[in-house]
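Q: Build the 3D model from these lines:
(one chain, ligands or ions: 1)
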Amino acid sequence: MGHSPTKLAFLSLVSLLVLGLLTKFLFISLNILLITLSIAFVFAIILFSNSSNTPPGPLPIPIFGNWLQVGNDLNHRVLASLAQKYGSVFRLKLGYKNLVVVSDVELARQVLHAQGAEFGSRPRNVVFDVFTSNGQDMVFTIYGEHWRKMRRIMTQPLFTNNVVHTYSGMWEEEMDLVVRDLKNNSKMRSEGLVIRKPLQLMMYNIMYRMMFDSKFESQDDPLYIEATRLNSERMRLAQSSEYNYGDFIPFLKPFLRGYLNKCKELRNERLAFFNINYVEKRRKIMEANGDEHKTSCAIDHIINAQLKGEISEENVLYIIENINVAAIQTTLRSMEWATVELVNHPTVQQKIRDEISTVLKEMKVTPSNLHELPYLQAVVKETLRLRIPVPLLVPHMNLKEAKLGGYTIPKESKVLVNVWWLGNNPAWWENPEEFRPERFLQEESSTEVTVGGNVDFRLIPFGVGRRSCPGIVVAMPILGMFIAKLVTNFEMKPPNGMEKIDVQEKGGPFSLYIANPSTVAFEPISV
Ligand code: HEM
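A: Modelled structure (predicted):
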């Protein structure tokens, strides 16, 4: 079928006209779209930027904030270098969330002490909501009545000098078992062993004996294997950056369903493990003894508080969960760092030995004579300064809008205090990268590690004030006794063929630990 030239010309003209109109329409629509997007973008930037006098920081983009710029690994060193660029208080937007980072002594004093109540809450996220059943615990609950009650109930059985007095003999027993095992194995003298393993069992036993009057027989004890598996899986799931997208960008949260279900299953399994193996057993013992029952471990006190109606059964389990998270790994990491620094500094080992033998003669180191050993204490402080186990503290949060350093801190901001930088900033410390305990007998002789009173905010490994670590009461003497025990029994060395132990660190959101588990050789000292 053919078309006449007139018809063809007419059709072409119509097509051209339609095409022209369509292009124009598309062009106008595209322009409108571009203009709308630009306006939205400018508005978003104005909205996200410093219109309300929030602390300085990189310019955020809509939806993602600064997340794509700064990435997931916001460890203490990354945050210290951002502080050098943006100042001692700066803000990052992570999706819709505000993160405020504090890196100077005066501002740390404001957050932790002067405005301790305003900044005394904890932020949670989608995963921590699951692991704490929305704040049924103490460590991650907001600042308020529930927190106060939980902290009061935990204090008497766990965080007093009386506790130290009651349990220091048991701590020593557990330390002696490690010494005995190290001495009995001649391989330790040359090949050495991965020190984390026996120390972890020792710390578990110290804490489980304090909590439940119960201990694990060995690293092969099935209950020990299960406890460590559940705790490390909890740590892995909670501290992973895998779930950031659903936490920072609310409309992506539905995609986290699988991850959150895994967390729920683990939480239930873990709480059931504590309940069946420990709490129920203690309840039975308490019931059997009736009025004659002598409270012999922390959980008895806590069950009593529950029986009086002060807290729920669920709260009891969360107290146990908190101690598992807060007490064991922190102290263990400090022990491991201390051991490694001592191996790499044999003269420090010798100085501790000399001090102990001069001051105490034949007597043993105990919590009550530690104050007579300033050099040993300096070693503990130097370990906690250079190798601070919780370099950003546990995150703080302001429930309401607050002021800090002249800036407005939006309500419910996550506030991190970079205590690693406070203890390692070359402007405030002489050669901070050196492990030199002597600094605490020389230029830093008045600096103590404390959580209240006359605090030097450059050295606050346990935080300060309301949310500071109540475990300092037990952690400090345990560390002192542990170091004394090792150096008085062994000369600690790198394994054969090595000059020094690798001190490369790995920093996560909650912890700073030694990247490659250290192998240490132990040469017994003949007395
Ligand atoms: C070297 C060992 C330890 C270090 C470095 C350490 C450090 C810390 C830090 C930095 C905080 C948060 C402070 C803040 O956010 O301002 C904290 C909180 C806490 N620590 Fe420790 N800790 C250690 C050992 C322990 C031990 C042995 C226990 C228990 C026996 C314990 C129980 C707690 C609890 C329950 C909290 C939460 C306090 C609250 O939120 O009110 N810690 N710890």
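Q: contacts, neighbours, all on C-alpha from now
A: Will do.
Q: Kindly report the residues of the stretch 301-450 of the chain close to the ligand.
A: 323, 326, 327, 330, 331, 334, 389, 390, 393, 394, 395 (C-alpha under 6 Å from any ligand atom).
Q: In contact with the nearest residue to residue 335 once chain neighbours are set aside, which residues?
A: Leaving aside its chain neighbours, residue 335 sits nearest to residue 479 (6.6 Å; criterion: C-alpha to C-alpha, 6 or more residues apart in numbering). With contact taken as C-alpha atoms under 8 Å, 6 or more residues apart in numbering, residue 479 is in contact with 331, 334, 335, 380.
Q: Low-confidence bits of this protein, can you list those?
A: Residues of the chain meeting the criterion pLDDT under 70: 1-51, 527.
Q: for it, what spans make up the strands?
A: Applying DSSP state E to the chain gives strands spanning 89-94, 97-102, 193-194, 396-397, 402-404, 407-409, 414-417, 490-493, 505-507, 512-514, 519-524.
Q: Would you mind measuring from the closest residue to the ligand within the stretch 51-200 of the chain to residue 257?
A: Residue of the stretch 51-200 of the chain nearest the ligand, by C-alpha to the nearest ligand atom: residue 139 (3.8 Å). Relative to residue 257, residue 139 is positioned 25 Å away (C-alpha to C-alpha, to the nearest Å).
Q: Please apply the same query to residue 412.
A: Counting by C-alpha to C-alpha - residue 412 and residue 257 are separated by 24 Å.
Q: Settle it for me: which of the two has more neighbours?
A: residue 412 (21 against 11; other C-alpha atoms under 10 Å).
Q: OK, contacts around that one?
A: Counting by C-alpha under 8 Å, 6+ apart, residue 412 makes contact with 98, 123, 397, 398, 399, 400, 401.
Q: now, among those, which is nearest to the ligand?
A: Using C-alpha to the nearest ligand atom, those come closest to the ligand at residue 397, 9.8 Å.
Q: any idea how far the closest one is from residue 119?
A: 5 Å.
Q: out of the two, which sits in the busier spot?
A: Neighbours were counted for residue 397 and for residue 119 using other C-alpha under 10 Å; residue 119 has more, 29 against 25.
Q: Would you confirm that that one contacts residue 394?
A: No: counting by C-alpha atoms under 8 Å, residue 119 stays clear of residue 394, with 12.0 Å between them.
Q: Report the contact partners of the nearest residue to residue 350 once chain neighbours are set aside.
A: Once flanking residues are discounted, residue 350 sits nearest to residue 487: 7.8 Å by C-alpha to C-alpha, 6+ apart. Counting by C-alpha under 8 Å, 6+ apart, residue 487 makes contact with 349, 350, 352, 353.
Q: do residue 110 as well
A: Per C-alpha under 8 Å, 6+ apart, neighbours of residue 110: 116, 404.
Q: Neighbour count added to the residues of the stretch 301-450 of the chain next to the ligand, as a markdown table?
A: Converted to a markdown table, these look like this (neighbours: other C-alpha atoms under 10 Å):
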| residue | neighbour count |
| --- | --- |
| 323 | 19 |
| 326 | 15 |
| 327 | 18 |
| 330 | 18 |
| 331 | 22 |
| 334 | 23 |
| 389 | 26 |
| 390 | 25 |
| 393 | 25 |
| 394 | 22 |
| 395 | 22 |
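Q: Which of those fall in helices?
A: 323, 326, 330, 331, 334 (DSSP state H).
Q: which two in those residues are spaced the farthest apart?
A: 323 and 334 (16.5 Å; C-alpha to C-alpha).
Q: residues in the protein within reach of the ligand, list them.
A: Going by C-alpha under 6 Å from any ligand atom, the residues of the chain near the ligand are 138-139, 323, 326-327, 330-331, 334, 389-390, 393-395, 461-464, 467-472, 474-475.
Q: List the buried residues in stretch 143-150.
A: Buried residues in stretch 143-150, counted by 16 or more other C-alpha atoms under 10 Å: 143, 146, 147, 150.
Q: Got the phi and psi for the closest residue to the third one other than its chain neighbours?
A: Taking C-alpha to C-alpha, 6+ apart as the measure, residue 147 lies nearest to residue 138, with 5.5 Å between them; neighbours along the chain are not counted. For residue 138, the backbone dihedrals are phi -110, psi -40 (criterion: degrees, to the nearest 10).
Q: Distance check, the nearest residue to residue 111 once chain neighbours are set aside against residue 411.
A: Closest residue to residue 111 apart from its sequence neighbours, by C-alpha to C-alpha, 6+ apart: residue 119 at 5.8 Å. Separation of residue 119 from residue 411 (C-alpha to C-alpha): 10 Å.
Q: Quickly list what's touching both of the two.
A: The contact sets of residue 119 and residue 411 overlap at 398, 399 (C-alpha under 8 Å, 6+ apart).
Q: out of the buried residues of stretch 143-150, which are inside helices?
A: 146, 147, 150.
Q: quick one, what contacts the second one?
A: If a contact means C-alpha under 8 Å, 6+ apart, then residue 147 has 137, 138, 141 as its contacts.
Q: Now the first one: closest residue in space, sequence neighbours ignored.
A: Looking back up the chat, that one is residue 137. Looking at residue 137 with C-alpha to C-alpha, 6+ apart, the closest residue is residue 318, at 4.9 Å.
Q: Is residue 208 in contact with residue 217, as I believe?
A: No: with contact defined as C-alpha under 8 Å, residue 208 does not reach residue 217; the gap is 12.0 Å.
Q: Please identify which of the two sits among more neighbours.
A: residue 208 (22 against 12).
Q: How about the contacts made by the more buried one?
A: Taking C-alpha under 8 Å, 6+ apart as the contact definition, residue 208 lies against 214, 215.
Q: how about 10 Å then?
A: 202, 214, 215, 216, 278, 297, 298, 299, 320, 323, 324, 328 (C-alpha atoms under 10 Å, 6 or more residues apart in numbering).
Q: Then residue 184?
A: By C-alpha under 10 Å, 6+ apart, residue 184 lies in contact with 178, 524.
Q: And it, how close does it get to residue 100?
A: 51 Å.
Q: Then residue 109?
A: Applying C-alpha to C-alpha, the value for residue 109 to residue 100 is 15 Å.
Q: can you check residue 345 too?
A: According to C-alpha to C-alpha, residue 345 stands 37 Å off from residue 100.
Q: Pick out whichever of those two has more residues nearby.
A: Shown here are residue 345 and residue 100; by other C-alpha under 10 Å, residue 100 has more neighbours (24 against 16).
Q: In the sheet, which residues pair with that one? Tell me.
A: residue 91, residue 415 (DSSP bridges).
Q: what's the closest of the strands of the chain to residue 132?
A: That would be strand 396-397 among the strands of the chain, by C-alpha to C-alpha, at 16.2 Å.
Q: The closest one - contacts with which helices or strands?
A: strand 97-102, strand 414-417 (3 or more C-alpha pairs under 10 Å, 6 or more residues apart in numbering; DSSP states H and E).
Q: Now with 8 Å, please.
A: Where contact means 3 or more C-alpha pairs under 8 Å, 6 or more residues apart in numbering; DSSP states H and E, strand 396-397 is packed against strand 414-417.
Q: Name the residues of stretch 66-85 that are buried.
A: For stretch 66-85, by 16+ other C-alpha under 10 Å, it's 66, 67, 70, 75, 76, 79, 80, 82, 83.
Q: wait, residue 332 sits on residue 205?
A: No: with contact defined as C-alpha under 8 Å, residue 332 does not reach residue 205; the gap is 11.9 Å.
Q: hang on, the earlier thing: if I look at the residue nearest to residue 335, how far off is residue 419?
A: 20 Å.
Q: cool, and residue 362?
A: 38 Å.
Q: So which of these two has more stuff around it?
A: Neighbour count, other C-alpha under 10 Å: between residue 362 and residue 419, residue 419 has more, with 29 against 9.
Q: Give me the nearest residue to residue 161, chain neighbours excluded.
A: Counting by C-alpha to C-alpha, 6+ apart, the residue nearest residue 161 is residue 473, at 6.8 Å.
Q: ah, wrong one, I meant residue 305
A: Per C-alpha to C-alpha, 6+ apart, closest to residue 305 is residue 311, 6.5 Å.
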